[in-house]
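1. need a 3D model of the sequence below.
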Amino acid sequence: MRKKFTDKQTKILDVAEELIAKKGFEGTSVRDICTKAGINVAMISYYFGSKEKMMSYLYQYRVQRTKESFSEFAQTIKEGKPEMQMKEIVNYVISLLFKYSYFHGFVTQEMRSLDNVKDDLLEFYQTCVGRLDEIIKRGIVSGVFHNAPKSEDILTMIIGSTLFVIRNKNFYEIYVPANNDTQYMKEAEQKLKNSTLLSVFALLDYDAD
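-> Here you go, the predicted structure:
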């Protein structure tokens, strides 16, 4: 069942996410969150139970928001050519995963396996697959795509490749020279977008000419 967050919970989760993005999960205390949110420490227990449980809620909240933002984005490009839509969606999904890459430092497999989070993730993945499927069909009909790979396989490739890069910085940074972490993340994201687009369009047998 989809979790509905109150305005107060949403405010706390937004603050927690902002601080964790800057300081990391371990470096962000409940007191830090409460101070910035303008609440007392007892409110965390009241609304979430504990810091760890709040992380579960935060992950679910982010998945819900990501699904909503993806749907809105897909709507804005729906009139574009199939090849343009495919490029924009690949770039958009990779950008989202990089933007919220800090989640991978504290989101455990157990957390992802919670029924409410699984349901939200499944709904998000199915939304992405449905949109990709529409684009592929339009491309086939219009003649710009000559092959129709499975949409779920394309999504798996996009997400899987991105998570590999995010989780294996010590490997990928060998091939992405950078002076600092900010530059590395920017360069790594662009490198991945370029290589993923080449792979996706090869699968689609798309000829730009």
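2. Ser151: neighbour count?
-> Other residues lying near Ser151 total 18 when counted by other C-beta atoms under 10 Å. In this view, the C-beta of every residue, glycine as well, is placed from N, C-alpha and C.
3. isn't it up against Lys137?
-> No: when contacts are counted by C-beta atoms under 8 Å, Ser151 is not listed as touching Lys137 (9.5 Å).
4. show me what contacts Val90?
-> 158, 193, 196-197, 200 (C-beta atoms under 8 Å, 6 or more residues apart in numbering).
5. with respect to Met86, which of the residues you listed is nearest?
-> Val200 (6.6 Å; C-beta to C-beta).
6. quick check, pLDDT for the closest one.
-> Note on Val200: pLDDT of 97.
7. secondary structure element for it?
-> For Val200, the element it lies in under DSSP states H and E is helix 181-203.
8. so Gly27: helix, strand or coil?
-> At Gly27 the chain is in coil, as set by DSSP: H, G, I helix; E, B strand; the rest coil.
9. one more: Asp205?
-> coil.
10. that one: how many residues sit nearby?
-> 14.
11. ok, Ile166 next?
-> 21.
12. which residue packs closest to it, ignoring adjacent ones?
-> Residue nearest to Ile166 in three dimensions, not counting chain neighbours: Ser101, with 4.7 Å by C-beta to C-beta, 6 or more residues apart in numbering.
13. just give me the longest helix of this protein.
-> The residue-count maximum for a helix in the chain (DSSP state H) belongs to helix 115-142.
14. now do that helix, average pLDDT.
-> Rounded mean pLDDT across helix 115-142 is 89.
15. ok, now stretch 82-100?
-> 94.
16. identify each buried residue in it, please.
-> Under the neighbour-count criterion of 16 or more other C-beta atoms under 10 Å, stretch 82-100 has 82-83, 85-94, 96-98, 100 buried.
17. what is the nearest of the residues you listed to Val15?
-> Using C-beta to C-beta, those come closest to Val15 at Tyr100, 15.6 Å.
18. my read: the closest one touches Arg62, true?
-> Yes: counting by C-beta under 8 Å, Arg62 is a contact partner of Tyr100 at 6.2 Å.
19. re earlier: among the buried residues of stretch 82-100, which lie within helices?
-> Per DSSP H, the buried residues of stretch 82-100 map to helices at 82-83, 85-94, 96-98.
20. tell me the contacts of Ala178?
-> Per C-beta under 8 Å, 6+ apart, neighbours of Ala178: 184, 186-188.
21. returning to what we had before: tell me the one of the contacts of Val90 nearest Asp119?
-> Ile158 (21.4 Å).
22. buried set for stretch 40-47?
-> 43-44, 47.
23. what's the closest of those residues to Gly24?
-> Once C-beta to C-beta is applied, the member of the buried residues of stretch 40-47 that ends up nearest Gly24 is Ile44, at 18.0 Å.
24. for that closest one, which non-adjacent residue is spatially closest?
-> Per C-beta to C-beta, 6+ apart, closest to Ile44 is Val30, 5.3 Å.
25. do I have it right that Glu152 meets Cys128?
-> No: assessed by C-beta under 8 Å, Glu152 is found out of contact with Cys128, at 9.1 Å.
26. out of these two, which sits in the more crowded spot?
-> Cys128 (23 against 14).
27. center of this protein - which residue?
-> Closest to where the C-alpha atoms of the chain average out (C-alpha atoms, centre = their mean) is Leu97, at 3.5 Å.
28. with that, I have no additional questions.
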